[in-house]
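[1] any chance you could fold what I've pasted below:
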Amino acid sequence: MRRPLLSLMSVVLVVSACSAPQPAQKPKPTITSITPSPVERERPAVDLSAYEAGRSRPVADPVYPAYGNPSIDVLHYDLALGWKPGARTLTGTAKLTVRAARPISQVKLDFGRALKVDEVTVDGARVKATRRYDDLTIPLPEPLEAGQGTVVTVSYHGRPKPVDSKQRRKDISMLGFRIGGGGRAWALQEPFGAFTWFPVNDHPSDEALYDVAITVPKGWSGVAHGTYQGRTTEGGSSTFKWRSTDPVASYLTVFAADKFKMFKDKGPRGIPITYWIRPQDVPEQLPVARRMPEIMRWLEKKLGPYPFPSAGLVATSDSGMETQQMIALGPRYMEPSVVAHELAHHWFGDTVTPRTWRDMWLNEGFAMYFEMQWYADHEDGTIDEFIANIRRYDAALRRENGPPGDYRRDAFGQSNVYYSPAIMLHEIRERLGDRKFWAMTRAWPQEHRNTTQDRAAFVKWINEHTGRNFTKLINTWLDSTTTPR
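    Numbers count the residues shown, from 1 in each chain. Here you go, the predicted structure:
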């Protein structure tokens, strides 16, 4: 998400926190049961090969451990969603193809308690599921060994509610599904909140493939992450279909339902782009959206080919987020520099994703640096001037929020994870020189496409790639409670 922060020279650079934190503890639970099938049957073998690209190595999160389940690896989500703006209700059928990451006898998912479960099946057989807090626990008819798979289907309905993230940063204090005037709806979430609108393993280490269908009243549009597959209209409803053939972290998903007008464009090498903007906002917002091809070409010179088969922009009602293949921007974030920031995340955050939230700096430090470089190249000032200016704020940011590599739990998305790592990157650039530095920023995402990574992996890689030892520099900048000298 984005927000204006520090005035850099004559301009204000806005910080895009692409996420928000979690409550220290989930509230006390209630239990909901689903009637089991009276007929027991043997669980059929599940072929996981079709979704091999969605395979992950899930881990527990050190910052927000209440979300995510390292015992399972969801390979694919098939979401059939219906939004009724008049009633403000969501209906859904979520079909999850799940691989056991270790031996399991149940599948535990994050799922918002505001939504009522209608039916749960495992490999087609109805089962009794238990709900506690924002958890949905689904028993398996037979235990799974590590590597075995199952298909879990959850049907549900209700009025979604966002989650209180317990963060000091106001624009990400509430996460997940939001409902606005006239019944328009949108969902943005980081570090968690996808569970407010579908059952999910809500952690960045478990990336998955997606098929999403959103049914809305005729005249409305349903927008999601991934590549637009077209729409069908029947009676008074239209269904919009989306597909992600590259794995997506749950925080990079998006849902938006509004009376959008769609515009088509082409990016580098003919990459299809769609823009989704409300008719009354077109005169102001479409010219900014139309800068995307230019910005993508500029980024490709420094980062290599855009990593996905399509791109897009949806004008949501608030915030700014690098949702995968479909960046989401609220009105006050509709600026070219913010578009550059969110698109830079498609290399740093989307195609290479932090394994846990401790390494949020891997996303935001790079995206902030490229935003500043874009501004220097296209607007006013120099990268050296911007770095010198934000360096003056670094000590205060560390005192208030903790060091960027070990920030406080209620300080998710604060400026320390943007500006402090950006200064660190500039230090590396000064040691390497421009040619080797840009070669490094290009090689990292190209060599690690569709993976999750952490600090240790990045440090090992950059040392090997450059032939220089940056271990002390990186650890000092990420862990120091005061500004390194």
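
[2] what comes up buried for the helix or strand containing Tyr275?
    Following DSSP states H and E, one finds Tyr275 within strand 272-277. Buried residues in strand 272-277, defined by neighbour count with 16 or more other C-beta atoms under 10 Å: Ile273, Thr274, Tyr275, Trp276, Ile277. Any C-beta I mention is one placed from the backbone N, CA and C, and that applies to glycine too.

[3] how about the last one, what does it touch?
    This means Ile277. Neighbouring residues of Ile277 by C-beta atoms under 8 Å, 6 or more residues apart in numbering: Phe260, Lys261, Phe263, Gln285, Leu286, Ala289, Ala315.

[4] returning to that earlier point: C-alpha coordinates for the strand holding Tyr275, PDB please?
    Provided in PDB are the C-alpha atoms of strand 272-277 (Å, rounded to 0.1, in the frame of the first residue of the first chain):
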ATOM      1  CA  PRO A 272      -1.600  -7.500 -23.000                       C
ATOM      2  CA  ILE A 273      -2.600  -4.900 -20.500                       C
ATOM      3  CA  THR A 274      -6.000  -4.100 -19.200                       C
ATOM      4  CA  TYR A 275      -7.100  -1.000 -17.200                       C
ATOM      5  CA  TRP A 276     -10.300  -1.100 -15.000                       C
ATOM      6  CA  ILE A 277     -11.500   2.400 -14.100                       C
END
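
[5] partners of it in the sheet?
    strand 261-266 (antiparallel), strand 311-315 (parallel) (DSSP bridges).

[6] how far away from the center of its chain is the longest one?
    Centroid separation between strand 261-266 and its chain, computed with C-alpha atoms, centre = their mean, to the nearest Å, is 23 Å.

[7] quick one: the strands in the stretch 101-250 of the chain?
    104-110, 115-122, 125-126, 130-132, 135-144, 149-158, 163-164, 174-179, 185-188, 208-217, 221-224, 227-234, 237-248 (DSSP state E, counting those that start in this stretch).

[8] export these as JSON lines, with columns for mean neighbour count.
    Formatted as JSON lines, those follow (neighbours: other C-beta atoms under 10 Å):
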{"stretch": "strand 104-110", "mean neighbour count": "20"}
{"stretch": "strand 115-122", "mean neighbour count": "19"}
{"stretch": "strand 125-126", "mean neighbour count": "16"}
{"stretch": "strand 130-132", "mean neighbour count": "17"}
{"stretch": "strand 135-144", "mean neighbour count": "18"}
{"stretch": "strand 149-158", "mean neighbour count": "20"}
{"stretch": "strand 163-164", "mean neighbour count": "19"}
{"stretch": "strand 174-179", "mean neighbour count": "23"}
{"stretch": "strand 185-188", "mean neighbour count": "26"}
{"stretch": "strand 208-217", "mean neighbour count": "22"}
{"stretch": "strand 221-224", "mean neighbour count": "25"}
{"stretch": "strand 227-234", "mean neighbour count": "13"}
{"stretch": "strand 237-248", "mean neighbour count": "21"}
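
[9] export those to TSV and append columns for distance to Arg398 and mean pLDDT.
    Listed next are these as TSV, based on distance: least, C-beta to C-beta, whole Å; pLDDT from 0 to 100:
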stretch	distance to Arg398	mean pLDDT
strand 104-110	32	98
strand 115-122	40	98
strand 125-126	53	98
strand 130-132	38	96
strand 135-144	35	98
strand 149-158	42	98
strand 163-164	26	96
strand 174-179	25	96
strand 185-188	27	97
strand 208-217	35	98
strand 221-224	38	98
strand 227-234	41	98
strand 237-248	32	98
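
[10] out of those strands, which is closest to Ile383?
    Taking C-beta to C-beta, strand 185-188 is the member of those nearest to Ile383, at 29.3 Å.

[11] which elements pack onto that closest one?
    strand 174-179, strand 255-258 (3 or more C-beta pairs under 8 Å, 6 or more residues apart in numbering; DSSP states H and E).

[12] can I get the ones you listed in JSON lines with distance to Ala50?
    Shown next, in JSON lines, are the helices and strands packed on strand 185-188 (distance: least, C-beta to C-beta, whole Å):
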{"stretch": "strand 174-179", "distance to Ala50": "29"}
{"stretch": "strand 255-258", "distance to Ala50": "25"}
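
[13] Thr356 against Ala249, yeah?
    No: using C-beta atoms under 8 Å, Thr356 makes no contact with Ala249, being 11.4 Å away.

[14] and the pLDDT at Arg43?
    What the model reports as pLDDT for Arg43 is 53.
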